[in-house]
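Novice: Task: produce atomic coordinates for the following.
(one chain, ligands or ions: 1)
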Amino acid sequence: MSIDNHEFRTDRTSGQRWHALRAHHQSIDGTHLRDLFAADPDRGTAMAIESDGLYLDYSKQRVTAETMTLLVEFAHESGLRDGIEAMFGGARINTTEDRAVLHTALRALDADASPTVDGHAVGEQVDRVLHRMSVFAQSVRRGRLRGATSRRIEAVVNIGIGGSDLGPAMACRALAEASTPDIDFRFVSNVDGADLSAALRGLDPETTLFIVSSKTFTTVETLTNAESARQWLIDGIGDRGAVREHFVAVSTNVEAARRFGIAEENVFEFWDWVGGRYSVWSAIGLSLMIAIGSGGFRDFLAGARSMDTEFRTAPFEKNLPVLLGLLGIWNRNLLGAATHAVLPYDERLALLPAYLQQLEMESNGKSVGVDGEPVAIDTAPIVWGAAGTNGQHAFFQLLHQGTTVVPCDFIGVLEPGHLLAGHHDLLIANLIAQTQALAFGRTADEVRAEGVAEHQVPHRAFPGDRPSTTIMMDRLDPYSLGRLLALYEHKVFVQGWLWGIDSFDQWGVELGKVAAGRIVDEIRAEDRTVLPFDSSTAAQIGRYRRARAAAEHDR
Ligand SMILES: O=P(O)(O)OC[C@H]1O[C@H](O)[C@H](O)[C@@H](O)[C@@H]1O
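Specialist: Take a look at the predicted model:
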């Protein structure tokens, strides 16, 4: 499928709708959320949408009905509908890498209707690998897969980084209740040996299975950790057959995995039309499938699929990902918010902020448009966050009274993931209370009326007017988690499209990787070659080399 080049132009702010939005922003600037709620007693329900177990309340955003209309018109004017169809249809919308973007095909049902990439029917490839994953996951869960010494697998260690770690690690934690209790799941990502050492602590090599997850199978952190894990295994049970029985790989680069020593039948494939940060639905989710079973994993895919359908078919004014994306554009580009907080009020979702950080910042942290020109307006904000209520006792001070306005997504789950009485009422009450306090604040007069000493009044007043969206899930299960993650994926798509950038490349991570390669060579160079580094870099390398030499001497 080809798409009109004009859709790819960077600057979507030259159109009429953008000008209308700016004028509208000026006309409502200074209208406090208190006034917006006072003007419309039904605002709290009018600006909320419920769909298939997800409730999205954006009434505490600094928007009016007219704002939403203009934002939706801006999306139409910018060809968002065509963009969505281009992605689903397999167009090569990752233009800088000339790749299709088809993570949605990983969860589509009708293989026959799926797109073709380079002459291959995507759906058939997906089904084939899903089937292999299911058979493998089943054999691990049932204890049929035996290690080199014929003992059953009791621990699964996923070695991967970035998209090959954050998705499965986050989802395994979120769905731990639905996981098999017979297997211990651990995730290793950092090249810091402390990470692998901690993950291996207490594990028995005879009962441990490693999944080396790397799209490219060239990532230095993952390969270094995999080498050390292999050594640990061989030290524990000897060389014969160990790697073959205890290592599987997930990669698009089957040949490199084979060179590492992993038998081809133990490599689970995926494809370059799946971006790393969009890959939890692919074989990268193998650890998750072992944890929740192939039925659970299929529910996870079904949840995402239901969000895909909504994204493709719902009118923009009722379309959850479109609304979330447009609200982000409003906050970033009209209100000027440079950061965005994600605050899950559920311990199960504790890793969601880190996952969304990669999804949003690696996708949309760009300053050049698809046409190669500098972007005309700001792109992705800094995404950060932590699970509530912990954040309330740490950084919420700034959210309430700092000079920076930080739009927030509060995410809660109606059904608790435990049986302890009383906790959940408190947790949810805190979530709701924070959104209320941020929106409405407390005026100096209200503080005074409580008899607070005059010198404290300015310190104890809260400006309010701090925007937030609340996403309330009915429950947290594989299906609803799939919906939530796909919601954010498509939000990122909407924003990337409207900013005119390629959301699916990540050239910005390359320079540091190359530099690290040169520096490690220099650190390890026996002949002390002196490369032309700047004085700061050279001094730091020198200091480290001396410390390393001294430590070696002491040993
Ligand atoms: O899966 P891999 O090829 O090992 O890549 C792991 C990660 O590293 C890269 O540097 C990218 O920044 C990420 O997008 C990717 O997910």
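Novice: make it CA atoms for all contacts and neighbour counts henceforth
Specialist: Fine.
Novice: What parts of this structure come near the ligand?
Specialist: Residues of the chain lying close to the ligand (Cα under 6 Å from any ligand atom) are Ile161, Gly162, Gly163, Ser164, Ser214, Lys215, Thr216, Phe217, Thr219, Gly276, Arg277, Val509.
Novice: Please identify the buried residues of the helix ranked longest in the chain?
Specialist: The longest helix of the chain (DSSP state H) is helix 286-313. Neighbour-count burial for helix 286-313, counted by 16 or more other Cα atoms under 10 Å, picks out 286-294, 296-308, 310-312.
Novice: Which elements pack onto it?
Specialist: Applying 3 or more Cα pairs under 8 Å, 6 or more residues apart in numbering; DSSP states H and E, one finds that helix 286-313 contacts helix 122-141, helix 166-174, helix 320-329, helix 478-499.
Novice: Dump the shortest one to PDB, keeping only the CA atoms.
Specialist: Once non-C-alpha atoms are left out, helix 166-174 reads as follows in PDB (Å, rounded to 0.1, in the frame of the first residue of the first chain):
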ATOM      1  CA  LEU A 166      10.500  -4.100  29.600                       C
ATOM      2  CA  GLY A 167       7.400  -5.600  28.000                       C
ATOM      3  CA  PRO A 168       7.600  -9.100  29.400                       C
ATOM      4  CA  ALA A 169       9.000  -8.000  32.700                       C
ATOM      5  CA  MET A 170       6.200  -5.500  33.200                       C
ATOM      6  CA  ALA A 171       3.500  -7.900  32.000                       C
ATOM      7  CA  CYS A 172       4.800 -10.800  34.100                       C
ATOM      8  CA  ARG A 173       4.700  -8.600  37.200                       C
ATOM      9  CA  ALA A 174       1.300  -7.300  36.300                       C
END
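Novice: and after it, which helix or strand comes next?
Specialist: Downstream of helix 166-174, the first helix or strand assigned by DSSP states H and E is strand 184-188.
Novice: Kindly report the same for the last one.
Specialist: Secondary structure here is assigned by DSSP H and E; on that basis, the next helix or strand after helix 478-499 toward the C-terminus is helix 510-524.
Novice: Using CSV, write down the CA coordinates of that following helix.
Specialist: Extracted in CSV, the C-alpha atoms of helix 510-524 (Å, rounded to 0.1, in the frame of the first residue of the first chain):
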residue,chain,number,x,y,z
GLU,A,510,23.3,4.7,18.2
LEU,A,511,25.9,7.4,18.9
GLY,A,512,26.4,6.4,22.6
LYS,A,513,26.7,2.7,21.6
VAL,A,514,29.5,3.4,19.1
ALA,A,515,31.2,5.7,21.6
ALA,A,516,31.0,3.0,24.3
GLY,A,517,32.6,0.5,21.9
ARG,A,518,35.6,2.9,21.2
ILE,A,519,36.0,3.6,24.9
VAL,A,520,35.9,0.0,26.0
ASP,A,521,38.6,-0.8,23.4
GLU,A,522,40.7,2.1,24.9
ILE,A,523,40.1,0.9,28.4
ARG,A,524,41.2,-2.6,27.6
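Novice: which of the residues in that helix are buried?
Specialist: Buried residues in helix 510-524 (16+ other Cα under 10 Å): Ile519, Glu522, Ile523.
Novice: Can you name the next helix or strand after that helix?
Specialist: Using DSSP H and E, the helix or strand that follows helix 510-524 towards the C-terminus is helix 535-554.
Novice: now that next one, how far from the chain's geometric center?
Specialist: 37 Å (Cα atoms, centre = their mean, to the nearest Å).
Novice: what does that helix contact?
Specialist: Ile519, Glu522, Ile523 (Cα atoms under 8 Å, 6 or more residues apart in numbering).
Novice: can I get the helices and strands packed on helix 286-313 in a markdown table with mean neighbour count?
Specialist: Below are the helices and strands packed on helix 286-313 laid out as a markdown table (neighbours: other Cα atoms under 10 Å):
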| stretch | mean neighbour count |
| --- | --- |
| helix 122-141 | 18 |
| helix 166-174 | 25 |
| helix 320-329 | 24 |
| helix 478-499 | 24 |
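Novice: can you redo those helices as a markdown table with mean pLDDT?
Specialist: What follows is the helices and strands packed on helix 286-313, written out as a markdown table (pLDDT from 0 to 100):
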| stretch | mean pLDDT |
| --- | --- |
| helix 122-141 | 97 |
| helix 166-174 | 98 |
| helix 320-329 | 98 |
| helix 478-499 | 98 |
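Novice: Rebuild these as TSV, extending it with distance to Thr45.
Specialist: Shown next, in TSV, are these (distance: least, Cα to Cα, whole Å):
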stretch	distance to Thr45
helix 122-141	40
helix 166-174	29
helix 320-329	15
helix 478-499	21
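Novice: Can you say which of the ones you listed is nearest to Gln397?
Specialist: Closest approach to Gln397 among those (Cα to Cα): helix 320-329, 22.4 Å.
Novice: ok, then the element right after the closest one?
Specialist: With DSSP H and E, the next secondary element past helix 320-329 is strand 339-344.
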